[in-house]
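Novice: give me a model of this one.
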Amino acid sequence: MKQEQRTQIVENAKYLRAVRPIDPDEIFEYVDGEPHPAVVRQVLREHSVELGIVEAEDGTFVPASDEPISTTFHGVKAFPPEHSARLEDFIVNRFGAGWPDGEGGDVLRYNIRKLKEDYFAQNPVEYDEDAALGYAVYHLPDYYATAQYVFADMLRHGLLSEHTRILDVGAGAGGPALGIHDLFPDDALVDYHALEPSAGADVFEHMLGETRDTFRTELHRETAEAFAPSETYDIVLFSNVLSELDDPVAVVKKYAKHLADDGSIVAIAPADKNTSIGLREVERTVEDGLSVWGPAVRIWPSFVPADEGWSFDVQPDLEIPAFQQKLDEAGGDYGEFINEDVQYSWTVLRKDDKQRLDIEPNISLFARMNEMEKHVTKRIDVLAVKLSHSLSSGDAHQLYKIGDGSEQTDHYAVRTQKTTTNAALEDAEYGDLLIFENVLVLWNDDEEAYNLVVDGKTTVDAMPA
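Specialist: Numbering: from 1, shown residues only. This next block holds a predicted model:
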């Protein structure tokens, strides 16, 4: 098809979308050469994101709805084999078919070791072609899974509509983009802009080279500081990148100005202490212009927590992808190049004050954590969000980080006796609201934290988010 014909189809569609459903059997008559309606239909599909239209059951195209979209999600068991094969194709093109046992394997193992060393030493990381590929081998699967868990939660709460504009700041090798692509239903329109200045952009371009027509990607090879957005976005995503920015607060504030009124800034960080706490520091610093949707909900309005802030979610391990298995076995030191953990910290910030939990607390019924010193050695009732899985090991009492958004130091729920009436503490999901009745407050000198003791006299109920 000639470009002139394609342009005529798109221009006709732009006019008709505001008037009536777009029918390919009608449009072809207004195009030079009258291309077959099936050709017109394909052009409309290819430009559906640009036009903001979806294909209806009767074969016409109508404007995308502003209603929230939903999707079925049951967790992530493995990095999809089609993505694994695509990444391995990139590796083979770079190093040849025998890459695990040859020079390619040595290069990747060296770069993965160096990336981990620099990361834990908090050294700046430079991503040349080999480092970017090593990063992809080690992190594509868990970043793919993490994005799905976070965005599935947002979809469950109706935060995303049928036409979603996403800016991925520091898109890396494309793990989050692939996760979002596979999570969203096929008829959802996604205009995905990826910002990546490093050699990781080459991997991203390869991995996202064959997305469906309703998922449009555009790659910008610029830094977060240099890029000048020309539109607004429903989602601005910072996935595992804030810790690499010189001034993450300034960057978040910059992109908040380009957020739709009902849009969300989504920030994800590794679960280790430094990056997790760093994420919370950014979250708390930008609260003067944005509100925290979750998971660390501010139960009590007008309060901001000042505890350490180390909080992260944990999901089931992934199956080991073939490319990691091959690299690891050829290295002779089993496990060094396997990354099956899915552990991450996250926050969603919004401009509209919407929260993940819909609650109006009553100070006459529940104690607030910023006043917990008044209640030491007493039994009280408390509202709190569950902010960890059990942090204890072996036969020790179950220990969970909790918060209500007003805490000035760490608070933990310690389950010393298991009963059916307090089982919700264990059974609740990360981010759920917990109602503690008759919980004993103690101060822990060693940890400089408050322990809320859950024993046989305590009742715990959960309100799932």
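Novice: use CA for all of it now, contacts and neighbours both
Specialist: Fine.
Novice: which parts of stretch 233-249 are buried?
Specialist: By neighbour count, with 16 or more other Cα atoms under 10 Å as the criterion, the buried positions of stretch 233-249 are 233-243, 248-249.
Novice: what does stretch 175-190 give?
Specialist: Of the residues in stretch 175-190, 175-181, 183-184, 187-190 count as buried by neighbour count, 16+ other Cα under 10 Å.
Novice: and what of stretch 323-334?
Specialist: For stretch 323-334, burial by neighbour count (16+ other Cα under 10 Å) applies to 323-331.
Novice: what's in contact with that stretch?
Specialist: Residues outside stretch 323-334 that contact it (Cα atoms under 8 Å, 6 or more residues apart in numbering) are 84, 88, 100-101, 105-106, 109, 137-138, 335-339.
Novice: go on, stretch 231-248?
Specialist: Taking contacts as Cα under 8 Å, 6+ apart, the residues outside stretch 231-248 that touch it are 124-125, 160, 164-171, 176, 255-256, 258-260, 262-270, 275, 278-279, 282.
Novice: neighbours of residue 273, how many?
Specialist: Under the neighbour criterion other Cα atoms under 10 Å, residue 273 is assigned a count of 15.
Novice: what about the closest residue to it other than its chain neighbours, neighbour count?
Specialist: The spatial neighbour of residue 273 that comes closest, neighbours along the chain excluded (Cα to Cα, 6 or more residues apart in numbering), is residue 310 at 6.1 Å. Using other Cα under 10 Å as the criterion, residue 310 is surrounded by 20 other residues.
Novice: the strand or helix carrying residue 261: partners in the sheet, and parallel or antiparallel?
Specialist: Following DSSP states H and E, the helix or strand that holds residue 261 is strand 259-270. Taking DSSP bridges as the criterion, strand 259-270 sits next to strand 233-239 (parallel), strand 342-350 (antiparallel) in its sheet.
Novice: next structured bit after the last one?
Specialist: By that I understand strand 342-350. Using DSSP H and E, the next helix or strand after strand 342-350 towards the C-terminus is strand 379-386.
Novice: alpha carbons only: can I get that following strand in PDB?
Specialist: Coordinates of each C-alpha in strand 379-386 appear next as PDB, following Å, rounded to 0.1, in the frame of the first residue of the first chain:
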ATOM      1  CA  ARG A 379      -3.300  -3.400  75.600                       C
ATOM      2  CA  ILE A 380      -4.900  -1.300  72.900                       C
ATOM      3  CA  ASP A 381      -6.600  -1.500  69.500                       C
ATOM      4  CA  VAL A 382      -4.700  -0.500  66.400                       C
ATOM      5  CA  LEU A 383      -5.200  -0.200  62.600                       C
ATOM      6  CA  ALA A 384      -2.100  -1.000  60.600                       C
ATOM      7  CA  VAL A 385      -1.000  -2.100  57.100                       C
ATOM      8  CA  LYS A 386       0.900  -5.300  56.800                       C
END
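Novice: give me the contact list for it.
Specialist: In this structure, residues lying in contact with strand 379-386 by Cα under 8 Å, 6+ apart are 296-297, 299, 365-368, 400-404, 428-441.
Novice: in helices only, show me the contacts of stretch 323-334.
Specialist: When helices are assigned by DSSP state H, the members of the contacts of stretch 323-334 inside them are 84, 88, 105-106, 109, 137-138.
Novice: what's the most distant pair in the residues you listed?
Specialist: Maximum pairwise distance among the ones in helices among the contacts of stretch 323-334 (Cα to Cα): 19.8 Å, between 84 and 106.
Novice: nearest to residue 221 among the buried residues of stretch 175-190?
Specialist: For those, the residue nearest residue 221 by Cα to Cα is residue 177; the value is 15.6 Å.
Novice: check contacts around the closest one.
Specialist: When contacts are counted by Cα under 8 Å, 6+ apart, residue 177 is found next to 144, 168, 171, 192, 208.
Novice: ok, and what's touching the helix or strand hosting the second one?
Specialist: Under the criterion of DSSP H and E, residue 168 resides in strand 163-169. Judged by Cα under 8 Å, 6+ apart, the contacts made with strand 163-169 from elsewhere in the structure are 49, 52, 64-66, 177, 188-196, 224, 232-239, 241.
Novice: now whatever helix or strand comes next after it, how far from the centre of its chain.
Specialist: Past strand 163-169, further along toward the C-terminus, the next helix or strand under DSSP H and E is helix 175-183. When C-alpha coordinates are averaged (Cα atoms, centre = their mean, to the nearest Å), helix 175-183 and its chain have centres 10 Å apart.
Novice: what number of residues lie near residue 126?
Specialist: Per other Cα under 10 Å, the neighbour tally for residue 126 reads 12.
Novice: so it, which state does it fall into?
Specialist: Put simply, residue 126 is coil when judged by DSSP: H, G, I helix; E, B strand; the rest coil.
Novice: over to residue 217?
Specialist: The three-state label for residue 217, taken from three-state DSSP, comes out as strand.
Novice: surely it meets residue 193?
Specialist: Yes - in this structure, residue 217 sits in contact with residue 193. The criterion is Cα atoms under 8 Å, and the distance is 5.8 Å.
Novice: thanks a lot, catch you later.
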